[in-house]
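>>> sequence plus the predicted model coming up.
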Amino acid sequence: MPALAPIPETRVEPLTWSPSSWRHRPAAQQPHYQDEEGLQTNLRQLSGLPPLVVPEEVEDLRAHIAEASFGKRFMLQGGDCAEQFADCKPDAISDKLRILLQMSVVITHGGRRSVFQVGRIAGQYAKPRSKETETVDGVELPSYRGDLINSAEATEAARRPDPRRMVEAYFHAAATLNHLRALVVGGFADLHHPERWDLQGSTRKIDTYCHILERVRESIDFVDAIAGTKGIYLRTGEFFTSHEALLLPYEEALTREDTGMGHHYNLGAHMLWVGERTRALSGAHIEYLRGIRNPIGVKLGPGVSAEDVRELLTVLDPGKEVGHMVLIPRLGVDNVRALLPKLIEAVQASGHPVLWSCDPMHGNGFVTAHGLKTRDFGQILAELNQTLEVHRALGSNLGAVHFELTGQEVTECLGGSQQLSELDLHQAYETGCDPRLNQTQSLEMAFLIAEMLGERVIR
Ligand code: PEP
Ligand code: CO
C-alpha cells in the first residue's frame, strides 16, 4: 500500500493532540526532503526563534471574527496567491496594505460595518499543487511549491525542496510584518490622513473614491470637534496576518504553548486556513489544526458535502466556540445556488457559530488560448452576489470575503472597468501562482461589495 493512502474513517483512532500528532496521519502535499539532517537543523532553529505574533493578538482576532459572525464587523481577507521572497520590499508591502485600507474605507462607508483586514501576507509562501510536475519551455520539472519549499527558477536543482527555505521564510515574514507594523503604528492607516492612500488618475470610480475620502475626513473632523479627540489615532480597523497551513513541519515549529491558559497557538500568523486539497478529515492537516487556538479558515470546493462540513466542524471546533471557525466556500459561479444552501443549512442545524466568508476566486479559474491562468471579474462578482443572496434567503450572514489581489496594476484577471481582454494579459502578468485582481479591479470590487452590503441596511 502506498505510504499516503487514505485511511478509512472507521479505522481512525483518535489521537491525543500535540503539535506533532499530525505525524501519525497521512499528510498530503508535503515535499520530500533529501537532506534529513538539514531538515532537523532548520526546524530546531525555527522552534527557538521568537514568535512573529503573540497570543493576545490572536485572541483579539478571535474577538473580531466573533463580531463579524454576528454582522457587527466585516472581515476583508486578501493578498497574493503565492507571496514570494522577492516581494519583501517596502513598496510592494505598502501597496498591499494601501489597497486593503482603500477597500476597507469604501466597504465601511457603503456597507456601514467596521472592516478589519486579514492579509494573505507575511508567511503565504507555500502552495498546494494539483500535479507533481509542470512543463516549462518544453521541459518537465517538479512543480514549484512556493518559496517556502523550492524555487520558481526552471531548473531541476532549483526545484529540489530545500529545508533552509523554512528559516529564510521566517525571516522574510518577520521583515514584512515588521514593516507592516511600522506603517500602521507610524500613522499610515490613520483615518485623519487618508490622503496617504490617494489614488492617481481620474475614472468614475477614482472620483467617487476621492469623494468618499473627503466625506470621511469631514465626518472625522466633526467627531473630533464634538468629542475633543483631535490628534487621537483613528484607524479603519485592525490588521492581521494569515496564510495556508500547508507545510506542517514549519507550522509545528511555530506552534507554542501559552503556559498561562495551557492553549497552543500557531504564532507564525494570526489566522491559518486549510486548503481544498488538504482538508481530508483523517488527514494530517486537520489533525494539526484541531489543536490550535487560532481562528481556522476552511476552504470548501464544489466537491464538498453537507456531511463533510458537519464532520469537519465536529473535529475542528468541538467546543462550538465563537470566533474560532471561518468557512470559506469557493464553489465557482455555476455551483453556488445548487450547493451553498445545503452547506448553510447544515451549519445552522449543527449550532457551530461560524463566520461565513466567500472566496469567489478559486472556483472561477480558467486557462486562455495563450496558456495563461486567468479569472473573469464578472464571474467573481457574480459568485459573490449569488452568495450574498443565498445567505439572505436563509437568514444567514455573509461576514467576510477572501480575495487574491495586489496593490499594483498587474494584468492577470479579465474585465473590470479597464475591460482587460485576453490580449492584454501579457502586459503585466506577474503572479507567482494564481491570477490576482489589480488595484483598480480591487477597488471596484470594494464599491460593489459596499453596494451589496448597503442594500441590507436600507431594507
Ligand atoms: C489558495 O487560496 O491559494 C488556494 C490554493 O485555495 P484552495 O485551497 O481553495 O484551492
Ligand atoms: Co490561489
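Ah, there it is. Ligands and ions are numbered 1, 2, ... in the order given.
>>> what's the neighbour count on Leu453?
By other CB atoms under 10 Å, 22 other residues sit near Leu453. Yep, even glycine has a C-beta here, placed from its N, CA and C like the rest.
>>> ok now whichever strand or helix holds it, how far from the chain's centre?
Assigned by DSSP states H and E, Leu453 belongs to helix 439-458. Offset of helix 439-458 from its chain centre (CA atoms, centre = their mean, to the nearest Å): 19 Å.
>>> just stretch 153-166 next, same as before
Centroid separation between stretch 153-166 and its chain, computed with CA atoms, centre = their mean, is 25 Å.
>>> what about that stretch, start to end distance?
17 Å (CA to CA, to the nearest Å).
>>> quick one: buried residues of that stretch?
159-163, 165-166 (16 or more other CB atoms under 10 Å).
>>> near ligand 2 too, which of the residues you listed?
The subset of the buried residues of stretch 153-166 lying close to ligand 2, counting by CB under 5 Å from the ion, is empty.
>>> now, these that are in strands?
Among the buried residues of stretch 153-166, no member falls in strands (criterion: DSSP state E).
>>> in helices, which of these appear?
Among the buried residues of stretch 153-166, the members falling in helices (DSSP state H) are 165-166.
>>> make CSV out of the buried residues of stretch 153-166 and add pLDDT and distance to Val118.
CSV is the format used below for the buried residues of stretch 153-166 (pLDDT from 0 to 100; distance: CB to CB, whole Å):
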residue, pLDDT, distance to Val118
Arg159, 98, 31
Arg160, 97, 33
Pro161, 98, 28
Asp162, 98, 29
Pro163, 98, 28
Arg165, 98, 24
Met166, 98, 23
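>>> with respect to Gly283, which of the buried residues of stretch 153-166 is nearest?
Pro161 (19.7 Å; CB to CB).
>>> where does the stretch 151-300 of the chain dip in pLDDT?
Residue ranges of the stretch 151-300 of the chain with pLDDT under 70: 191, 193-205, 222-224, 226-237.
>>> where along it do the helices fall?
164-185, 204-227, 248-253, 284-289 (DSSP state H, counting those that start in this stretch).
>>> out of those, deepest packed?
Mean neighbour count (mean count of other CB atoms under 10 Å) peaks for helix 284-289 among the helices of the stretch 151-300 of the chain, with a mean of 24.
>>> which other helices and strands contact that one?
The contact analysis (3 or more CB pairs under 8 Å, 6 or more residues apart in numbering; DSSP states H and E) places helix 284-289 against helix 248-253, strand 271-274, helix 306-316.
>>> pull up the pairing partners for the shortest one, direction included.
Paired strands of strand 271-274, with direction, are strand 239-244 (parallel), strand 296-300 (parallel) (DSSP bridges).
>>> residues in contact with that strand?
Residues outside strand 271-274 that contact it (CB atoms under 8 Å, 6 or more residues apart in numbering): 61, 77, 118, 240-245, 251, 266, 285-286, 289, 292, 294-299, 326, 328.
>>> neighbours of the closest residue to ligand 2 within the stretch 1-150 of the chain, how many?
Nearest residue of the stretch 1-150 of the chain to ligand 2, counting by CB to the ion: Cys81, 3.4 Å away. Burial of Cys81 is recorded as 22 neighbouring residues (other CB under 10 Å).
>>> for Thr133, see how far away it is.
20 Å (CB to CB, to the nearest Å).
>>> show me what the closest residue to Val184 other than its chain neighbours bridges to in the sheet.
Residue nearest to Val184 in three dimensions, not counting chain neighbours: Phe239, with 5.7 Å by CB to CB, 6 or more residues apart in numbering. Legend: beta-bridge partners of Phe239 under DSSP bridges are Gln117.
>>> who touches Phe239 in this structure?
97, 100, 116-119, 180, 184, 189.
>>> then Leu49?
Contacts of Leu49 by CB under 8 Å, 6+ apart are 167, 170.
>>> and Ser151, by the same measure?
144, 158-159, 162.
>>> the residue nearest the centre of the chain is in what secondary structure piece?
Of all residues in the chain, the one closest to the mean position by CA atoms, centre = their mean is Arg120, 4.4 Å from it. Element membership for Arg120, per DSSP H and E: strand 114-120.
>>> what is the burial count for the residue in the chain positioned nearest to ligand 1?
Nearest residue of the chain to ligand 1, counting by CB to the nearest ligand atom: Gly275, 3.0 Å away. The tally of other residues near Gly275 (other CB under 10 Å) stands at 22.
>>> same check, this time on Glu422
Count around Glu422 with other CB under 10 Å applied: 12.
>>> over to the one 10 residues further on?
Per other CB under 10 Å, the neighbour tally for Gly432 reads 19.
>>> okay, it: pLDDT?
Note on Gly432: pLDDT of 83.
>>> cool, and the one 10 residues further on?
Predicted confidence (pLDDT) for Ser442: 94.
>>> got the helices of the stretch 151-300 of the chain as CSV, with distance to ligand 1 columns?
Shown next, in CSV, are the helices of the stretch 151-300 of the chain (distance: least, CB to the nearest ligand atom, whole Å):
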stretch, distance to ligand 1
helix 164-185, 16
helix 204-227, 26
helix 248-253, 15
helix 284-289, 11
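>>> got the ones you listed as JSON lines, with distance to Thr440 columns?
Below are these laid out as JSON lines (distance: least, CB to CB, whole Å):
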{"stretch": "helix 164-185", "distance to Thr440": "22"}
{"stretch": "helix 204-227", "distance to Thr440": "7"}
{"stretch": "helix 248-253", "distance to Thr440": "35"}
{"stretch": "helix 284-289", "distance to Thr440": "35"}
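>>> beta partners for Phe403?
Beta bridges link Phe403 to Gly78, judged by DSSP bridges.
>>> so who does it touch?
Residues near Phe403 by CB under 8 Å, 6+ apart: 76-78, 359-361, 436-437, 442, 445.
>>> if I look at it, how far off is ligand 2?
Phe403 sits 10 Å away from ligand 2, going by CB to the ion, to the nearest Å.
>>> which residue packs closest to the residue nearest to the centre of the chain, ignoring adjacent ones?
Gly79 is the one closest to Arg120 (CB to CB, 6+ apart), at 3.1 Å.
>>> neighbours around Gly262, how many?
7.
>>> typed the wrong thing, it's Ala400
25.
>>> tell me the contacts of it?
68, 74-77, 326, 328, 355-358.
>>> from those residues, which land in helices?
Judged by DSSP H, the contacts of Ala400 include Ala68 as members of helices.
>>> of the contacts of Ala400, which belong to strands?
Those of those lying in strands (DSSP E): 74-77, 326, 328, 355-356.
>>> can you put these in TSV and add neighbour count?
Formatted as TSV, those follow (neighbours: other CB atoms under 10 Å):
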residue	neighbour count
Phe74	27
Met75	27
Leu76	26
Gln77	23
Val326	26
Ile328	23
Leu355	27
Trp356	23
